[in-house]
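In: Compute the structure for the input listed below.
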Amino acid sequence: MDGSSFCIYWLLSVIGPALVVPVIRRSARTVGQLRFAFDVTNKLAILPKIGGAVLIITGVWLIIITKMGLSQMWLNISILLSLLMVATIDGLIGPRIKKIMQIVSISQGKGDEVPAELARLMKKIVPIEMASQLLMIAITVLMVLKPF
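Out: Now for the predicted structure:
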């Protein structure tokens, strides 16, 4: 395996869970399923955080060791999008997920139906998760194609 295919494999194995986690969560129809989905997705959620941090660190390292400075726009934009992605995941999605998990814990013994408030909160998080996923796709495209 050469360096570029290794980088793509690593990138997809780290970012892949972040693309799948919201789909897993949205597929839950009962409180029990939702609780299980949150347990699974919480275990997977660390990978995109680590991946985003590693992308930023390796991007800055690449700028330093190649002495490119800020001349490679694809790299600069990738680093900025990675920062935005990490901020979105940690600052916008994380707190909302914690609130939803608290409601799921409270609702666990109250039947199988997902409470209306919980469904409303889940729908509010969808656009933020989609934005985060689009950022991940954009970063991947920039790193693979290096368009400018």
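In: So what touches stretch 86-104?
Out: Residues outside stretch 86-104 that contact it (C-beta atoms under 8 Å, 6 or more residues apart in numbering): 18, 31, 34-35, 38, 42, 45, 48-49, 52-53, 56, 115, 117-118, 121-122, 124-125, 128-129, 131-132, 135. C-beta: built from backbone N, CA, C; applies to glycine.
In: Any quick ChimeraX command for the buried ones out of these?
Out: Applying 16 or more other C-beta atoms under 10 Å to the contacts of stretch 86-104, the buried members can be selected in ChimeraX as follows:
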select :18,31,34,35,38,45,48,49,52,56,118,122,125,128,129,132,135
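In: Next step: the contacts of stretch 86-104 restricted to helices.
Out: Mapping the contacts of stretch 86-104 onto helices (DSSP state H) picks out 18, 31, 34-35, 38, 42, 48-49, 52-53, 56, 117-118, 121-122, 124-125, 128-129, 131-132, 135.
In: Tell me who's in contact with the most centrally placed residue in the chain.
Out: By C-alpha atoms, centre = their mean, the chain has its centre lying nearest to residue 18, at 3.9 Å. By C-beta under 8 Å, 6+ apart, the residues touching residue 18 are 45, 47-48, 51, 89, 132-133, 136.
In: and which of these is nearest residue 26?
Out: When the contacts of residue 18 are compared for distance to residue 26 (C-beta to C-beta), residue 133 wins out at 12.3 Å.
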